[in-house]
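1. pasting the sequence and the predicted model now:
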Amino acid sequence: MIELIIFMLTYIFIAVQKINLRLDRASIALIGATAMVVSGVLTFDEAVRCIDYDTIILLFGMMVVSAYLGRSGFFDLVASKIILRAKSGKKLLLIIVLTSGFLSALLVNDVVCIFMTPIVVRIAFLSELNPVPLLLALSTSANIGSCATIVGNPQNMLIAMRLNISFVEFIRVLTPISVISLTFCYLLLYLMFRSDLSRFKPRSFEFSIDRGLMIKMLMTLGIVTTLFVIEIYPIPVSALIGATLAFIFGGKRPKEILKNLDWNLLIFFAGLFVVVAGFEKGGWTSYVQNLSVRSLKDFLIFSGVTAIFSNLISNVPFVMVALPAVKTKKLAYLLAMASTFAGNLTLMGSVANVIVAETADSLGVRISFVDYLKIGIPLAITITIGTIMIYYA
């Protein structure tokens, strides 16, 4: 029972965040992880082993490349191009949704959010817009777009490898669902925030570019992306190769770059992995593995349970727990879709959401749990739509 109490308190404080102790998400997760060890739920060795170092290394590697790109003026350049092309807040929203959704189908959505969050914040400030609606567009469309392919997010990779699903077969079933859901996402965002978007006032701005550094970092990013696709090395190793190339050819002292990385985000995830492991050890997720899924009603129940648990323990850890119960490809598609779209329900629903929120916070923009919930609740209908489409596929 102690693991449930620690888990619930950790997530409550993370969601509320503003407490008298002035703790941030990273420190709360670390306190929760420490409590799991001190209380005896996990041994120290178990806590160390349960940290998903693949995720930590992937984030670190891409943060390094992103930091060097930022130093080159890349984000300012992209922001200026989007502003000039947008012409209106409505079109700006469409560009962000399509760009985020498309890139997240080709790359890991977490990586897309790492690169795009500084760009979106910069665009909002330069256009005199509230950044929150645009950041919500970025994270929600990244989640939806990532559902379309095997390489879109970590849970898709886990599911496809376990069930031996081909790249083309995965696209055939899940890409149409992603396209429909992405359209719904755009329309919903526009209806909810059209008054904010109407304040769009594009203006040009001056910025400096280190063209040589930018070219080298874009080449590095191209190499990393190619390694992601051809899969010579595991994705985290490919990200580390990118960081290594950036250090070698970046022309800047690594310590100047490292001090600008979002270390809070890495600490947050490390702590959260330990808290989730303690929760799982208590047997609180065993119900999911015992579900029988045959009829449309069963499919809807399974997707509902997936949505709930994906927000309780985040979607990647939940997929790891639920995979033993998945025996058919149709159920695998359902797990992939429901766990991914569930990421749009709450701020804690996916890694991509947390990346956007934490990166934006480091840039002076706060996305609250309630801010995300306002768009997340109506977006939950995409889970039902996807479940019905998969059942009849």
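-> That came in fine, so what should we check first? Numbers count the residues shown, from 1 in each chain.
2. least confident secondary structure element in this protein?
-> helix 286-289 (a mean of 60; mean pLDDT, DSSP states H and E).
3. can you list contacts of the helix or strand following that one?
-> Next helix or strand after helix 286-289 toward the C-terminus (DSSP states H and E): helix 296-313. Here helix 296-313 makes contact (CB atoms under 8 Å, 6 or more residues apart in numbering) with 11, 276, 279-280, 285, 287-288, 291-293, 318-319, 321-322, 331, 334-335, 337-339, 341-343, 345-346, 348-350, 380, 383-384, 386-388, 390-391. (Glycine included, C-beta is placed from N, CA and C.)
4. now do the longest helix along the chain: distance to the chain's middle.
-> When the chain is parsed with DSSP state H, its longest helix is helix 167-197. Put simply, helix 167-197 sits 16 Å off its chain's centre (CA atoms, centre = their mean, to the nearest Å).
5. after that helix, next one along is what?
-> Going down the chain from helix 167-197, the next helix or strand is helix 211-230, by DSSP H and E.
6. packing partners of that following helix?
-> On a contact count with 3 or more CB pairs under 8 Å, 6 or more residues apart in numbering; DSSP states H and E, helix 211-230 meets helix 53-72, helix 74-86, helix 235-249.
7. least reliable of those by average pLDDT, please.
-> Note on the helices and strands packed on helix 211-230: helix 74-86 shows the lowest mean pLDDT, a mean of 81.
8. other SSEs contacting the helix or strand just after that one?
-> On the C-terminal side of helix 74-86, the closest following helix or strand by DSSP H and E is helix 89-106. On a contact count with 3+ CB pairs under 8 Å, 6+ apart, helix 89-106 meets helix 74-86, helix 109-126, helix 131-146, helix 167-197.
9. just to revisit the earlier point, mind checking which of the contacts of helix 296-313 land in helices?
-> Those of those lying in helices (DSSP H): 11, 276, 279-280, 287-288, 318-319, 321-322, 331, 334-335, 337-339, 341, 383-384, 386-388, 390-391.
10. only whichever of the residues you listed are buried, select them in PyMOL.
-> To isolate the buried members of the ones in helices among the contacts of helix 296-313 in PyMOL, using 16 or more other CB atoms under 10 Å:
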select buried, resi 11+276+279+280+288+318+319+321+322+331+334+335+337+338+339+341+383+386+387+390+391
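11. nearest spatial neighbour of residue 29, skipping sequence neighbours?
-> The shortest distance from residue 29 to any residue other than its chain neighbours is 3.1 Å, reached at residue 271 (CB to CB, 6 or more residues apart in numbering).
12. how many other residues sit next to residue 250?
-> Neighbours of residue 250 under the rule other CB atoms under 10 Å: 23.
13. that one: what's it in contact with?
-> Contacts for residue 250 were tallied using CB under 8 Å, 6+ apart; they are 68, 71, 213, 216, 217, 257.
14. how near is the fifth one to residue 229?
-> The one in question is residue 217. Residue 217 is 19 Å from residue 229, where distance means CB to CB, to the nearest Å.
15. what helix or strand does the residue positioned nearest the centre of the chain sit in?
-> What sits nearest the mean C-alpha location of the chain, by CA atoms, centre = their mean, is residue 352, with 1.2 Å. Secondary structure from DSSP H and E places residue 352 in helix 351-362.
16. contacts for that helix?
-> Against helix 351-362 from outside (CB under 8 Å, 6+ apart): 25, 55, 59, 104, 109-110, 112-114, 117-118, 121, 131, 135, 138-139, 142-143, 146, 153-154, 262, 264-265, 268-269, 314-316, 343-344, 346-348, 366-367, 372.
17. do stretch 215-228 as well
-> Applying CB under 8 Å, 6+ apart, the contact partners of stretch 215-228 are 61-62, 65, 68-69, 72, 74, 106-108, 151, 233, 235, 238-239, 241-242, 245-246, 249-251.
18. got the contact list for the spatially closest residue to residue 258 that is not a sequence neighbour?
-> Nearest non-adjacent residue to residue 258, counting by CB to CB, 6+ apart: residue 64, 7.8 Å away. Neighbouring residues of residue 64 by CB under 8 Å, 6+ apart: 242, 243, 246, 247, 257, 258, 261.
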